[in-house]
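Participant: okay, here's the prediction I keep looking at, along with the sequence it came from:
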Amino acid sequence: LIMVYLLATVIAAVRLGRGPSIMTTIVGTSAFVYFFVPNRYSFVMADLTYLQTFTIMIVVGIIVSTLTSQLRTELLATESRERRSRALYELSRALAGAETEADVERLVPHHVERAFRTTGTLLAVAPEEHGTARPAPTHWSVADAEALAACIRTGTRQCIANKLLQPLVVAGEVVGVLAMDFEAQPPFTGADDVQLLESFANNIAVALHRVVVDARAEHAHQRAEQERLRNVMLSSVSHDLRTPLAAITGAVTTMLENGPQLDDDSRHELLGAIRDDAEALERHVRNLLDLTRLESGGLDARRDWCS
């Protein structure tokens, strides 16, 4: 019977914790005294030799409940660490495949909801021209917008009526803000949850900074390639324009200086050369205009099947 009561203590310690298990020990010992000790159905003991047994029962019950509760606490802590590690691993693996800022903004809410049981929004706040940051979403209140501006300016966490704003900082620069919604209170209050939030913020900040830097590098590479192609094109175009101009200038100069000495065939040949070079010059200018229209999006290509 004593082992049965100890079993109840162990079950209470595993399921409920140290306090309820100690209460179970006291209640179980009292029940044992009341139902099974001589002078039953009374807490008055007929034989005081049972007092030592009851004392040992309580002491052993408290020791068992304490040790079992410690094991339960360690188990919960291990499960919490495993949950955080798994959430961070899944987030890191997903962000590793993100190639654009839009990919990061699409992946973050899903993982935030799984890890914190709440909705989250990633706001990239890369500075635009004149040092201004992107404005807050239109559906946010004035207080939300002010808290977002303070979060970006100071790089510190902001908590307002129903939002928690976590800055995403890389090398001292705020590259974004993780906005998490909650109703009554923040979805995390313990140190483990705060640490998980900061780890999430660090991973997201690094991924966001990486895609932004990659996009800037790609844009710079495209600009450099465009400039190179533009210089090549200008060099080629200048040669194509100078050649007919030089021919036209030479023909006109010959006609002006030696007009009376030229026969009709020579004069007709020079005029034909002027006409041909002028048409070539007009064709080059038309091609340049077509290139300009193509860059501005005003040129529609006529596409057709061909062998």
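Facilitator: Looks like it arrived, so ask away.

Participant: for the stretch 1-150 of the chain, what spans make up the strands?
Facilitator: 120-124 (DSSP state E, counting those that start in this stretch).

Participant: show me what the nearest residue to A124 once chain neighbours are set aside is bridged to.
Facilitator: Leaving aside its chain neighbours, A124 sits nearest to G176 (4.7 Å; criterion: C-beta to C-beta, 6 or more residues apart in numbering). The C-beta positions use only the backbone N, C-alpha and C, and glycine is treated the same way. G176 has these beta-bridge partners by DSSP bridges: A124, L168.

Participant: my read: G176 touches Q166, true?
Facilitator: No - here G176 lies out of contact with Q166, judged by C-beta atoms under 8 Å, at a distance of 9.5 Å.

Participant: of those two, which one has the most company?
Facilitator: Between G176 and Q166, counting by other C-beta atoms under 10 Å, G176 is the more crowded of the two (28 against 24).

Participant: centre of the chain to the helix or strand hosting V213, how far?
Facilitator: Using DSSP states H and E, V213 falls within helix 191-257. Relative to its parent chain, helix 191-257 has a centroid offset of 28 Å by C-alpha atoms, centre = their mean, to the nearest Å.

Participant: how many degrees apart are it and strand 120-124 in direction?
Facilitator: Interaxial angle, helix 191-257 versus strand 120-124 (axes from the mean of the first three to the mean of the last three C-alpha atoms, to 10 degrees): 40 degrees.

Participant: renumber starting at 46 from here on
Facilitator: All right, first residue 46 from here; so that's helix 236-302.

Participant: I'd like to know which elements helix 236-302 is packed against.
Facilitator: Helices and strands touching helix 236-302, by 3 or more C-beta pairs under 8 Å, 6 or more residues apart in numbering; DSSP states H and E, are helix 95-141, helix 146-161, strand 165-169, strand 208-215, strand 218-226, helix 309-341.

Participant: what is the orientation angle of it with helix 146-161?
Facilitator: Using the same axes, to 10 degrees: helix 236-302 against helix 146-161 is 180 degrees.

Participant: mind checking the pLDDT average for helix 236-302?
Facilitator: For helix 236-302, the mean pLDDT works out to 83.

Participant: try stretch 137-154
Facilitator: Stretch 137-154 comes out with an average pLDDT of 83.

Participant: ok, stretch 187-199 next?
Facilitator: The average pLDDT for stretch 187-199 rounds to 81.

Participant: can you list the buried residues in it?
Facilitator: Within stretch 187-199, the residues scored as buried using 16 or more other C-beta atoms under 10 Å are D189, A192, L193, C196, I197.
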